[in-house]
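A.B. asks: Attaching a predicted model along with its sequence, questions to come.
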There are 2 protein chains.
Amino acid sequence: MDYQQMEQSLKAVSDETRMLILKYLSKEALCICEFTELLDMSQPAISQHMRKLKQAQLICEEKRGRWTIWSLNEEHGLFEVLTTLLAMLPEPERTVESLIAEGKKVNCT
Amino acid sequence: MDYQQMEQSLKAVSDETRMLILKYLSKEALCICEFTELLDMSQPAISQHMRKLKQAQLICEEKRGRWTIWSLNEEHGLFEVLTTLLAMLPEPERTVESLIAEGKKVNCT
DNA sequence: TGTATATATAAGTGTTTGCTTATATAATGA
DNA sequence: TCATTATATAAGCAAACACTTATATATACA
């Protein structure tokens, strides 16, 4: 891997919001509307974070009806390192289970 | 490790110049005047990169006469991950050997 | 002491970042 | 068809970033 690609990948990861997004995605694929709930953040903000992660090829998108389902890109050269890093981080306060409990989980999968 | 600390560490790493500095330091301790040669960059620029890496506790400094010797901090929580990342990067064009050949290597150790 | 050397710090500048609000696009369903 | 829903994009803005030049500090050595 060259320095530029490493720089782009690490820059994409090194943001608290995006680390949270990746932490959630390390367990299951999710869509943007779910992240706005989980992270209590505006939709454009999430959308822009997704674009940054996608440009670094760290995540994949799959259009499903009106939803876009995002998942980790397991083919990325840093996937194993990323998994190691994410495992070092504590579980987020807001869980997907709480989303389900509130009936806010989208059944896109 | 918490999200803020991970963010600070990864932000410190995710810069091409600093990745080069860390790559060199993964082999031997060096001082700033050597980096200005190796990276062909101004002394204040290197000094400021060092400050950033030190704030993230990724490197240690040791004052030796008029030199400051920098080395990787092996106690850092991300030391192993960092080593893995640096091993993925190609060797820099400019080598410490070429510094020695030109008589520009400082004998600070 | 005075000069050279190694490094740090300060101030200035153009670029990037991460949000905001507003709007566009595109699929769903009454 | 029309309103709703999910997402993307654009423009604006304050803060952070990575350099620059100028200057300060501090050690070494003649």
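C.D. replies: Received, thanks. As the structure is a prediction and not an experimental result, all values here were calculated from the model. Numbers count the residues shown, from 1 in each chain, chains lettered A, B, ... in the order given.
A.B. asks: Contacts only, for the residue nearest to A:Val13 when sequence neighbours are not counted.
C.D. replies: Closest residue in space to A:Val13, ignoring its immediate chain neighbours: B:Leu10 at 5.7 Å, by CB to CB, 6 or more residues apart in numbering or on different chains. Every residue, glycine included, has its C-beta placed from N, CA and C. With contact set as CB atoms under 8 Å, 6 or more residues apart in numbering or on different chains, B:Leu10 has these partners: A:Leu10, A:Val13, A:Ser14, A:Leu85.
A.B. asks: Test my guess that the third one contacts B:Asp15.
C.D. replies: Right, the one you point to is A:Ser14. No. A:Ser14 is not in contact with B:Asp15 according to CB atoms under 8 Å; the separation is 10.0 Å.
A.B. asks: and the next element down the chain from the helix or strand containing the residue nearest to A:Val13?
C.D. replies: Per DSSP states H and E: B:Leu10 is located in helix B:3-13. Using DSSP H and E, the helix or strand that directly follows helix B:3-13 along the chain is helix B:16-25.
A.B. asks: and stretch A:6-23, which residues are buried?
C.D. replies: A:6-15, A:17-23 (16 or more other CB atoms under 10 Å in any protein chain shown).
A.B. asks: wait, I meant stretch A:22-37
C.D. replies: In stretch A:22-37, counting by 16+ other CB under 10 Å, buried: A:22-25, A:29-37.
A.B. asks: same question, stretch A:52-66
C.D. replies: Buried-residue list, stretch A:52-66, by 16+ other CB under 10 Å: A:Lys52, A:Leu53, A:Ala56, A:Gln57, A:Leu58, A:Ile59, A:Cys60, A:Glu61.
A.B. asks: Which ones among the residues you listed lie within helices?
C.D. replies: Among these, the members found in helices (DSSP state H) are A:Lys52, A:Leu53.
A.B. asks: Tell me the one among the buried residues of stretch A:52-66 nearest to DNA strand D.
C.D. replies: Proximity of these to DNA strand D, judged by CB to the nearest atom of the strand, is greatest for A:Glu61, which lies at 6.0 Å.
A.B. asks: neighbouring contacts of the helix or strand of chain A with the lowest mean pLDDT?
C.D. replies: When the helices and strands of chain A are scored by mean pLDDT, DSSP states H and E, helix A:96-101 comes last with a mean of 89. Surrounding helix A:96-101, the residues in contact under the criterion CB under 8 Å, 6+ apart are A:Tyr24, A:Lys27, A:Glu28, A:Leu30, A:Glu34, A:Glu37, A:Leu38, A:Lys105.
A.B. asks: Quick check: the last one is in a strand.
C.D. replies: Looking back up the chat, that one is A:Lys105. No. Read with DSSP: H, G, I helix; E, B strand; the rest coil, A:Lys105 is coil and lies in no strand.
A.B. asks: That concludes my questions; thank you for your assistance.
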